[in-house]
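>>> A predicted structure for the sequence below; I have some questions about it.
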Amino acid sequence: MNSSSMTSALADYHKKRVQLRSKILKSEEERIQLEQKLQSLSSIDSRLKQREQVDHIQSYFTQLNQESQRAEQRNLQLLNDITQAERNLIQLRMDAEHLIRLKTDYSQHLETNYPNWEKSVSNEANKTTKHNIYDFDRFSQQQNISSIHSAHEADSSTLFKQHDDHLKVDIDHRNSQHDEQSLSESTSNTFSRSKRTGSLRMELNRSGLYFLLDFIEKELIDTIDKKKFYRHDPPTITQKRTILDIANEQKQFALKDLDPATTSMVILDQLPSTIRRTTVNQC
């Protein structure tokens, strides 16, 4: 081998060596760039996932907070309802106690000043329902009415004036709560009860008053029971007329359908006029 060919071979070798080294360096640079891009993309994807997770947690706690606020509002409303129910219960208990005292005073007054008015007790009703129904002899009342009027008018005015004063506010308040539905029921029932002659006023007679008072006294424990009582609306015209018919006709079998709280409201509404008619005290 001559020297010229040897020199040419070395030159080619060095040239190829330089080219190969250059390619290796270029490939290494590209690899480094790709790794950097990959790391950058990985970090961006991780931040996005973290952001999504944070948003999800925030949304969950926001929803939980809203539900907690709604539950708190419901609890407050329930507490207000319970407080109102307790107030209504206290007022009903006071009305019932006042009604019992008024019944006792009225009975004692009649028994003391008018002994000719006799009480009659239904034995059959006492066995079946254990309710005492008091009624005075109407024939004796008619026989002695002329001698009773003058003395009774003077005595009864003192006894019942204070009761009328106490009842006036409650009765006016109850009457003001009748709505349009009660007014329409009043109109329809006035024509449907055409069997009554004369005045269309609904009135409670004396024997009916005793009948309802006995019923209320026996059923009072259910009326003021906290577990059974929550809220009572004023009786409608239909309810009032039904209760008055049951009382005036003394329908013993219909007592099971009466509500003591509603019945007590009807008694408080009718009591002043019933007392005036019974005692001939036209005030």
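Good, I have the coordinates. Residues are numbered from 1 along each chain as shown.
>>> shouldn't residue 260 be in contact with residue 212?
No: the pair residue 260 / residue 212 is not scored as a contact, 9.8 Å apart, by C-beta atoms under 8 Å. For the C-beta atoms, the positions are set from N, CA and C on the backbone; glycine is no exception.
>>> Looking at the two, which one has more neighbours?
Neighbours were counted for residue 260 and for residue 212 using other C-beta atoms under 10 Å; residue 212 has more, 27 against 23.
>>> Which residue, other than its chain neighbours, is closest to the more buried one?
Distances taken as C-beta to C-beta, 6 or more residues apart in numbering place residue 247 nearest to residue 212, at 4.7 Å, with adjacent residues excluded.
>>> Residue 273: how many residues sit nearby?
Around residue 273 there are 14 residues (other C-beta under 10 Å).
>>> Equivalent analysis for residue 71, please.
Residue 71: 10 neighbours (other C-beta under 10 Å).
>>> Please name the residues that touch residue 61.
Counting by C-beta atoms under 8 Å, 6 or more residues apart in numbering, residue 61 touches no other residue.
>>> what about it, distance to residue 49?
According to C-beta to C-beta, to the nearest Å, residue 61 stands 19 Å off from residue 49.
>>> now residue 272
81 Å.
>>> Which of these two has more residues huddled nearby?
The neighbour count for residue 272 versus residue 49, taken as other C-beta under 10 Å, is higher for residue 272 (16 against 10).
>>> Quickly note the distance from that one to residue 114.
Residue 272 is 20 Å from residue 114, by C-beta to C-beta.
>>> With residue 21 instead?
138 Å.
>>> cool, and residue 104?
Residue 104 is 16 Å from residue 114, by C-beta to C-beta.
>>> swap in residue 108?
11 Å.
>>> cool, residue 31 as well?
In this view, residue 31 and residue 114 are 123 Å apart by C-beta to C-beta.
>>> Which one's more surrounded, those two?
More crowded of residue 31 and residue 114, by other C-beta under 10 Å: residue 114, with 18 against 10.
>>> now stretch 26-36: mean pLDDT?
Taken as a whole, stretch 26-36 carries a mean pLDDT of 88.
>>> One more: stretch 250-261?
pLDDT averaged over stretch 250-261 gives 83.
>>> got the phi/psi numbers for residue 114?
Taking degrees, to the nearest 10, you get phi -130, psi 70 for the backbone angles of residue 114.
>>> Remind me what whatever helix or strand residue 263 lives in packs against, helices and strands.
Assessed by DSSP states H and E, residue 263 sits inside helix 260-279. Contacts defined by 3 or more C-beta pairs under 8 Å, 6 or more residues apart in numbering; DSSP states H and E place helix 260-279 against helix 3-113, helix 138-176, helix 206-223, helix 237-248.
>>> can you list these in JSON lines and add distance to residue 255?
Below are the helices and strands packed on helix 260-279 laid out as JSON lines (distance: least, C-beta to C-beta, whole Å):
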{"stretch": "helix 3-113", "distance to residue 255": "17"}
{"stretch": "helix 138-176", "distance to residue 255": "23"}
{"stretch": "helix 206-223", "distance to residue 255": "6"}
{"stretch": "helix 237-248", "distance to residue 255": "7"}
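>>> What is the burial count for residue 250?
Residue 250 has 18 nearby residues by other C-beta under 10 Å.
>>> My guess is it contacts residue 212. True?
No: counting by C-beta under 8 Å, residue 250 stays clear of residue 212, with 9.8 Å between them.
>>> Common neighbours of these two, please.
Counting by C-beta under 8 Å, 6+ apart, nothing touches both residue 250 and residue 212.
>>> if I look at the residue lying closest to residue 213 once chain neighbours are set aside, how far off is residue 214?
Leaving aside its chain neighbours, residue 213 sits nearest to residue 103 (4.6 Å; criterion: C-beta to C-beta, 6+ apart). To residue 214, residue 103 is 9 Å away according to C-beta to C-beta.
>>> Now do the shared contacts for the two.
Common neighbours of residue 103 and residue 214 (C-beta under 8 Å, 6+ apart) do not exist.
>>> Cool, thanks, talk later.
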